[in-house]
Structure formats: structure tokens, C-alpha cells
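Q: show me the folded form of this:
(2 chains)
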Amino acid sequence: MEWMVEICYKPGFFNAQAHAVQKDIEDLGISGVKKVRTAQLYSIEGNIGEPELKLLCGELLADKITQQFRINRSSFIVHRASANSKTEGSTTRWIIEVWYKKGVTDAVADTVIKGAVDLGIKGIDTVKTGFKYEISGGLSSEQVERICRGLLANKVVQEYKIQ
Amino acid sequence: MKKAKVIVLRTAGTNCDRETVFAFQAAGADVDLVHINELIQGGKNLEPYKILALPGGFSYGDDIAAGKVLANELIYKLRQDIRKFVQSGKLVIGICNGFQVLVKTGLLPHSTLTFNDSGKFEDRWVYLKNVNRNKCVFTRGIKGIYLPIAHGEGKFVTDSKTLKELEKNDGIVFKYVDGKGREAGYPWNPNGSMDGIAGICNKEGNVFGMMPHPERFLSRYQHPHWQREKLPEEGGGLKIFKNAVQFAARHL
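A: Residues are numbered from 1 along each chain as shown, chains lettered A, B, ... in the order given. The predicted model follows:
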């Protein structure tokens, strides 16, 4: 079974990381960004059912006070990845996912497996960690490419997908 | 008087363990530095110790969230031992990463430590005011203290209900203040903590966590102004360890 877990801040909690990314985009010389949202992604594969996954998310992956989690069957994300960016007026919402390239050691993923075993969850085969950024504003696709290459992804070890 | 026995717990990524051991030794304790696997595998146990210290560092690389994986390990692997230790009134201190671990185990009131508002790792000295009304065993006799911080995830967050309980139960210990002892915003409050809270204790007063590093200020020579100011030989941080060691020797 392959699952996709998304961890993001609950509404009302300040997301320092998103704030920093927004400022860094301005420092790149790109203006017009209205809002940045971030989420941590975990792709989890193995013999693990939804109740165990919920335990893992609630106990380990999400902070009980500031964060919330969403669990999807993996295929859902793949399907959405083919969708286009959404445009409302002059504001476009871009969704970017950043993942490690195949073969690159994912140290956080190894820690997730260790934490899961501590929790008594033993069926996980592989974990991959990624980041999701939602950037809203009047940006062109060239500008978004620049943001990804200059800021969000290290092309040596990471790859990015822009929706 | 018999020396109080202290256990300083280390694991992958702990990096303030030696200083913490030294601080407790300077305070007159008999200290063991123990890897968590020795406790889990049963080679050592918490029974002979009076004080448990969770030192600073980046346990398990701060992966997932700072302190989370070690907290998870403590709850799921050592739950009974830790609970017994705390319930018997023995002392627990968490410094920096140790504080992050303590809040995430639930041994301290319902709260968390998350990313600094600045989005940056903050590494400098801060002024603290002790607002505790004497519940916390570690900070008795301390009014104010100047200590270094070094953290990326030190913003104390809780809900309004817990905040009220903390105030009622005398659970708030240290607050970040400006040089004159008044509550103030950034940069005095380095991380955006709710109400400027830098350290809290449980309602029994025996479990205490703080973000700043008292073990890094044991001697006047560690103070950034030691040549410019007249300071006592003993650093302000040592009192916290002495308080704990003396309490343990007398009462535990």
C-alpha cells in the first residue's frame, strides 16, 4: 500500500518557514507574491493500514498543537500533478513539490522509519520526504521556474514538479 | 551528606551532554552520562538516580520536528520508568532540545515549541526574568539571569486554557525580558514565544524545561562582558544546578 501524507499548519498558526520563503522570493528580485503556504510531504510504502498511519501522523509526524495532517492514497496526488495552475483574476496559484532524486540518501525518511518502529509500527518498507509549496500571486511560469531553481530545490540532489 | 546521583541522557545528535555533566559535577553531584539504548536494553535503569537531565543538541538530527523522535522513544519505550520517576517527585530538567523533548512527551503541560518567528536560528545571549512564585525547584532564589540561547525551534506555543492553568499552577518560570527587566518583543524575545515564555514547570514543580542554556554560564569567563563588567566568579547558570542537587540531597 502506498500512502501520501501531507502535514501543514493549522489556520491561525504562524508559519515561519513560509514567511521566510516569501521574503527570499522578494530578495531574488521577484515581486507580486501574495501568499506562500508550505507543507511537509511523506510518501509511505509498505504493509500499513489507515489506522496505523493515523497513529503515526498523530503521534509522530504532526505537531499536536500547531499542525494538522491529511492522508491520501498515493494515486490521488499523481492525478492532481497533471492538473494546471488555477487562475482567479490576476492571481495564480502555483503548486510546487520538491523531492529527493532517486538514489539520494533521505536521512529524515530513515528517522521516520526509526520513529515508527518505536511506536510499534513495523510494516513500513520505504519512506520518502518532500516539500510542497503553494505560491499565490501574479507570477509567470518563467518566474516560478526561477524560484524553484534559485530557492526551493537543489538541482544536484532534488527534483521539482510544478503544477 | 551523600552526593545526589544525576543521569544525563544522550542519544544520536545530543551535543550539550558533556557541559551538562560538568555543570552538575560543579554543583556537587555524582553524574552518569548514559546513552538511551542502555536504558531501553536494560543495562541501566533510572532507579538509583534522583535527577534526570535531558541536555541540548539536535537529537536524531531534529528530523520531523525538534525533539519529537526522542520524545516518542521515551514515551513508547520507557513510559513506565519515566512515569514512576516523575511521580515519585524526583527531578527532571530539559535544556533547549531537552525542553523540546519534555513538551513533546507531555511531561510538561500541553504545549509545544515551534520555529522561531524570525525563521532563523537565533544564537546569542538573552535576559530572563524569573516569574515563578517558588513552585519550580530549580529556580528558587533566582530573580533574573543572563544566558545564551541557540535554537531554531524555540517559540513556545500553547492554547489559552493551558496558559491560564500555567498561571494558576505557578507553572511559568522564565520570561524573556529586555535589559531593564520589562517584557518586550523581538529581539529581546528571540523567537516570538507566547507571553515571552522561556521556561515552564509542571504543577508539582519537579519537571522543568527551558530554552536558554544555564550550563553554558558556570563561570564569569563565559560571560560576553567579563572584561568590561564586575561579575561574581560563579556564573549565573550554576545556581539552577545547585538548587536541584541540594534539593535532591535533602529531600529525595
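Q: is residue B:14 in contact with residue B:97, as I believe?
A: Yes: between residue B:14 and residue B:97 a contact is recorded at 7.3 Å, counting by Cβ atoms under 8 Å. C-beta: built from backbone N, CA, C; applies to glycine.
Q: any shared contact partners between those two?
A: Common contacts of residue B:14 and residue B:97, defined by Cβ atoms under 8 Å, 6 or more residues apart in numbering or on different chains, comprise B:55-59.
Q: got the contact list for residue A:155?
A: Shown in contact with residue A:155 (Cβ under 8 Å, 6+ apart): residue A:149.
Q: cool, residue A:57 as well?
A: Contact analysis of residue A:57 by Cβ under 8 Å, 6+ apart lists A:5, A:7, A:69, A:71.
Q: next: residue A:2.
A: For residue A:2, the contacting residues are A:43-45, A:73-75, by Cβ under 8 Å, 6+ apart.
Q: now for the residues you listed, which pair is the farthest apart?
A: A:44 and A:75 (13.9 Å; Cβ to Cβ).
Q: what about the two, which has more around it?
A: Taking other Cβ atoms under 10 Å in any protein chain shown, residue A:44 and residue A:75 do not tie; residue A:44 has more neighbours (28 against 10).
Q: mean confidence for whichever strand or helix holds the more buried one?
A: Under the criterion of DSSP states H and E, residue A:44 resides in strand A:33-46. For strand A:33-46, the mean per-residue pLDDT is 96.
Q: that one - contacts with which helices or strands?
A: Packing contacts for strand A:33-46, counted by 3 or more Cβ pairs under 8 Å, 6 or more residues apart in numbering or on different chains; DSSP states H and E, involve strand A:2-9, helix A:16-27, strand A:91-100, helix A:107-118, strand A:124-137.
Q: closest one of the contacts of residue A:2 to residue A:121?
A: Distances from residue A:121 to the contacts of residue A:2, taken by Cβ to Cβ, are shortest for residue A:44, at 9.9 Å.
Q: relative to residue A:140, how far out is that closest one?
A: With distances taken as Cβ to Cβ, to the nearest Å, residue A:44 is found 35 Å from residue A:140.
Q: tell me which residues of stretch A:96-115 are tucked away?
A: For stretch A:96-115, burial by neighbour count (16 or more other Cβ atoms under 10 Å in any protein chain shown) applies to A:96-100, A:106, A:108-109, A:111-115.
Q: what's the most distant pair in those?
A: Greatest spatial distance among those (Cβ to Cβ): A:96 and A:114, at 28.6 Å.
Q: circling back: pipe the buried residues of stretch A:96-115 into TSV and attach distance to residue B:118 and pLDDT per row.
A: Below are the buried residues of stretch A:96-115 laid out as TSV (distance: Cβ to Cβ, whole Å; pLDDT from 0 to 100):
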residue	distance to residue B:118	pLDDT
A:96	24	96
A:97	26	96
A:98	23	97
A:99	28	97
A:100	27	96
A:106	28	96
A:108	23	97
A:109	28	97
A:111	26	97
A:112	27	97
A:113	32	97
A:114	30	97
A:115	28	97
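Q: those residues also near chain B: which ones?
A: Among the buried residues of stretch A:96-115, the ones lying near chain B by Cβ under 8 Å from any Cβ of the partner chain are A:108, A:111-112, A:114-115.
Q: circling back to that earlier point, can you pick the most crowded of the contacts of residue A:57?
A: Among these, the one with the most neighbours (other Cβ under 10 Å) is residue A:5, at 23 neighbours.
Q: what parts of the stretch 51-200 of chain B come near chain A?
A: The stretch 51-200 of chain B comes close to chain A at residues B:60-61, B:63-65, B:68-69, B:72-73, B:76-77, B:110-112, B:114-120, B:155, B:157-159, B:192, as judged by Cβ under 8 Å from any Cβ.
Q: helices - which of those residues land there?
A: Among those, DSSP state H puts B:68-69, B:72-73, B:76-77 in helices.
Q: can I get those in CSV with distance to residue A:60?
A: What follows is those, written out as CSV (distance: Cβ to Cβ, whole Å):
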residue, distance to residue A:60
B:68, 7
B:69, 7
B:72, 5
B:73, 10
B:76, 10
B:77, 13
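Q: would you check which pair of the shared contacts of residue B:14 and residue B:97 lies furthest apart?
A: Taking Cβ to Cβ as the measure, these span a maximum distance of 11.2 Å, between B:55 and B:58.
Q: so between these two, which is more surrounded?
A: More crowded of residue B:55 and residue B:58, by other Cβ under 10 Å: residue B:55, with 28 against 18.
Q: report the contact partners of the more buried one.
A: Going by Cβ under 8 Å, 6+ apart, residue B:55 touches B:8-10, B:14-17, B:19-20, B:95-98, B:215.
Q: among the residues you listed, which ones are buried?
A: By neighbour count, with 16+ other Cβ under 10 Å, those hold B:8-10, B:14, B:16-17, B:19-20, B:95-98, B:215 as buried.
Q: and stretch B:184-197, what's buried?
A: Buried residues in stretch B:184-197, defined by neighbour count with 16+ other Cβ under 10 Å: B:184, B:188-194, B:196-197.
Q: in a markdown table: the residues you listed, plus pLDDT.
A: Output for the buried residues of stretch B:184-197, formatted as a markdown table (pLDDT from 0 to 100):
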| residue | pLDDT |
| --- | --- |
| B:184 | 96 |
| B:188 | 98 |
| B:189 | 98 |
| B:190 | 98 |
| B:191 | 97 |
| B:192 | 97 |
| B:193 | 97 |
| B:194 | 97 |
| B:196 | 97 |
| B:197 | 98 |
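Q: about what we covered before: just the shared contacts of residue B:14 and residue B:97: which are in strands?
A: Judged by DSSP state E, strands contain none of the shared contacts of residue B:14 and residue B:97.
Q: nice, that's everything, thank you.
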